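Undergrad: Here is my input, please return the structure:
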Amino acid sequence: MPSHHLYVHVPFCRLVCAYCDFVTVGGRGEAIPRYVEALLAEIAARPRPGTLRTIYFGGGTPSLLPADAVGRIVATAVGGWSGAAVEEVTLEANPSQRERPDWAALRSAGVTRLSLGVQSLRDETLGTLARGHTVAEARSAYAAARAAGFDNVSIDLIYGVPGQSLAAWRDDLGTALALDPPPDHLSLYALQLALAPDEWAAPPRPGALRWRQRLGARQDDDLGARQYQLAEELLEAGGYEHYELSSWARPGRASRHNGAYWDRRAYTGIGAGAHSYDGARRRSWNERNLDVYLARVAAGERPLAGAEDLDDAALGFEAVALGLRRVTGISRAGVRAELGADRTAAFDAALTVGIERGLLTASHDRISLSAEGRLLANEALLPFAPEAPRVR
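TA: Residues are numbered from 1 along each chain as shown. Prediction:
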């Protein structure tokens with residue numbers, strides 16, 4: 001049977017970061033028990049096709065869930081899938097001492113991989129980001145997770161932060177690599193301060209717009225590019241494989257769940273705002289509003305907010321856009337076969353444009369982003385873009 005993957009969205013946060021664009025709510029801890037029951041009900045009500053290979057708890061702050069709740073969700077998913085051969089269960093966690101998850105209990109609940117939202121190992125940068133933890137807390141959480149037996153730990157770091165010099169970023173990376181033992185995986189993200197058009201009219205949270213405007217005026221895109229290049233250099237020297245635009249891993253530690261997205265495999269998303277894909281043409285997404293989501297599930301309804309059917313042009317673009325996120329790139333012959341004869345001329349023309357601009361490289365059958373293309377990935381993809389898919 002084909003592989004299938006489960007994403008569990010947990011929107012709760014103790015503090016909601018002003019730069020976050022995910023579906024989150026702050027200060028709603030009293031709703032967590034109801035939300036857990038809703039997640040269990042949604043698993044039971046949704047089709048469970050294929051062989052379940054990975055589970056990913058994302059957020060928000062999934063580590064706010066009690067470990068026994070995490071265990072119930074994992075057990076319900078594994079027990080309910082006719083084909084279940086789960087290889088990886090990832091849970092995102094905050095390293096704040098105010099939260100202090102029971103790491104050993106989470107491991108017993110079935111979590112095999114942690115993704116820690118460290119964001120920086122410099123207190124100055126954490127202050128700029130208005131994070132709710134210190135470097136000392138991040139170190140303590142990392143050590144506690146390792147002591148509890150987690151042997152697959154990823155950490156997130158953010159670059160492109162106003163006031164974060166190249167030297168400061170070098171120090172951040174060096175401190176991360178000096179952790180004992182070093183992280184198995186690193187996800188490095190450029191700070192995004194631009195708001196979508198609808199967010200300018202109605203900021204997602206009070207103060208978010210002012211915070212982004214104030215910091216955005218101080219962002220240096222050229223410095224951000226140099227920081228990315230420095231990360232490529234230092235992490236390669238440290239024995240990490242750069243396997244996806246924002247992801248580096250030690251051998252065998254690449255994220256299997258995220259790999260399913262880039263390979264366009266089928267996945268089910270449960271929880272407020274979660275997205276699903278049937279592996280063929282159909283994408284759908286849940287209600288984003290927490291209270292609406294809870295009410296609809298309690299009423300026995302699927303909390304569907306919308307869906308789209310991808311046409312051939314959109315599917316072809318996704319094959320290119322998601323495939324090029326992998327550093328190894330895409331197969332020219334494979335994509336051309338998937339596109340069909342009527343789209344191959346446009347695909348070949350877009351390749352030519354990308355190669356001439358130095359954003360793409362071609363080696364035999366493989367097409368990948370060049371070093372410059374990894375810095376300008378959106379620009380490299382523009383020539384491939386079709387019209388937007390039909391939404392209903």
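Undergrad: For the rest of this, base every contact and every neighbour count on C-alpha atoms.
TA: Noted.
Undergrad: Next up, the contacts around the spatially closest residue to Leu290 that is not a sequence neighbour.
TA: Counting by CA to CA, 6 or more residues apart in numbering, Leu290 lies nearest to Ala272, which is 6.0 Å off, once chain neighbours are set aside. By CA atoms under 8 Å, 6 or more residues apart in numbering, Ala272 lies in contact with 9-11, 23, 286-290, 293.
Undergrad: Inside strands: which ones of those residues?
TA: Of the positions in those, 9-10, 286 sit in strands, assigned by DSSP state E.
Undergrad: contacting residues for Val111?
TA: So Val111 contacts 88-91 (CA under 8 Å, 6+ apart).
Undergrad: Name the spans of the stretch 101-250 of the chain whose pLDDT lies under the cut-off.
TA: 194-209, 211-212, 217 (pLDDT under 70).
Undergrad: Walking through it, point out its helices one by one.
TA: Using DSSP state H, counting those that start in this stretch, the helices of the stretch 101-250 of the chain run over 103-108, 123-128, 135-147, 166-177, 197-201, 208-216, 221-237.
Undergrad: The third one vs helix 166-177, what angle?
TA: Here the directions of helix 135-147 and helix 166-177 differ by 30 degrees (axes from the mean of the first three to the mean of the last three CA atoms, to 10 degrees).
Undergrad: May I have helix 135-147 exported as CSV, CA atoms only?
TA: What follows is helix 135-147, C-alpha atoms only, in CSV (Å, rounded to 0.1, in the frame of the first residue of the first chain):
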residue,chain,number,x,y,z
VAL,A,135,19.6,30.6,26.3
ALA,A,136,20.1,28.9,29.7
GLU,A,137,16.6,27.5,29.4
ALA,A,138,17.2,26.3,25.9
ARG,A,139,20.4,24.5,27.0
SER,A,140,18.6,23.0,30.0
ALA,A,141,15.7,21.7,27.8
TYR,A,142,18.0,20.3,25.3
ALA,A,143,20.0,18.5,28.0
ALA,A,144,16.9,17.2,29.7
ALA,A,145,15.5,15.8,26.4
ARG,A,146,18.8,14.0,25.7
ALA,A,147,18.8,12.7,29.3
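Undergrad: Point out the other helices and strands that it packs with.
TA: Using 3 or more CA pairs under 8 Å, 6 or more residues apart in numbering; DSSP states H and E, the elements in contact with helix 135-147 are helix 103-108.
Undergrad: Buried ones in the helix it packs on, by neighbour count?
TA: Neighbour counts using 16 or more other CA atoms under 10 Å place 103-107 of helix 103-108 among the buried residues.
Undergrad: mind saving the C-alpha coords of that helix as PDB?
TA: Listed next in PDB are the C-alpha coordinates belonging to helix 103-108 (Å, rounded to 0.1, in the frame of the first residue of the first chain):
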ATOM      1  CA  TRP A 103      10.400  14.500  28.300                       C
ATOM      2  CA  ALA A 104      10.500  10.900  29.600                       C
ATOM      3  CA  ALA A 105       6.700  10.600  29.500                       C
ATOM      4  CA  LEU A 106       6.600  12.000  25.900                       C
ATOM      5  CA  ARG A 107       9.100   9.400  24.900                       C
ATOM      6  CA  SER A 108       7.000   6.700  26.500                       C
END
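Undergrad: Can you list phi and psi of the residue nearest to Leu290 for me?
TA: The phi/psi pair for Ala272 (degrees, to the nearest 10) reads phi -60, psi 120.
Undergrad: and it, how far is that from His4?
TA: Ala272 sits 20 Å away from His4, going by CA to CA, to the nearest Å.
Undergrad: One more: Arg256?
TA: Look at Arg256 and His4: by CA to CA, they are 11 Å apart.
Undergrad: Mind listing the shared neighbours of those two?
TA: Joint contacts of Arg256 and His4 (CA under 8 Å, 6+ apart) are Thr54.
Undergrad: Of these two, which one has the most company?
TA: His4 (27 against 18; other CA atoms under 10 Å).
Undergrad: Which helix or strand contains the residue nearest to the more buried one when sequence neighbours are not counted?
TA: Distance criterion CA to CA, 6+ apart; nearest residue to His4, sequence neighbours excluded, is Leu52 at 4.7 Å. Assigned by DSSP states H and E, Leu52 belongs to strand 51-59.
Undergrad: Need the residues that contact that strand.
TA: 1-12, 22-24, 74, 78, 81-92, 256-257.
Undergrad: let's go with 7 Å and repeat that
TA: 1-11, 81, 83-92, 257 (CA atoms under 7 Å, 6 or more residues apart in numbering).
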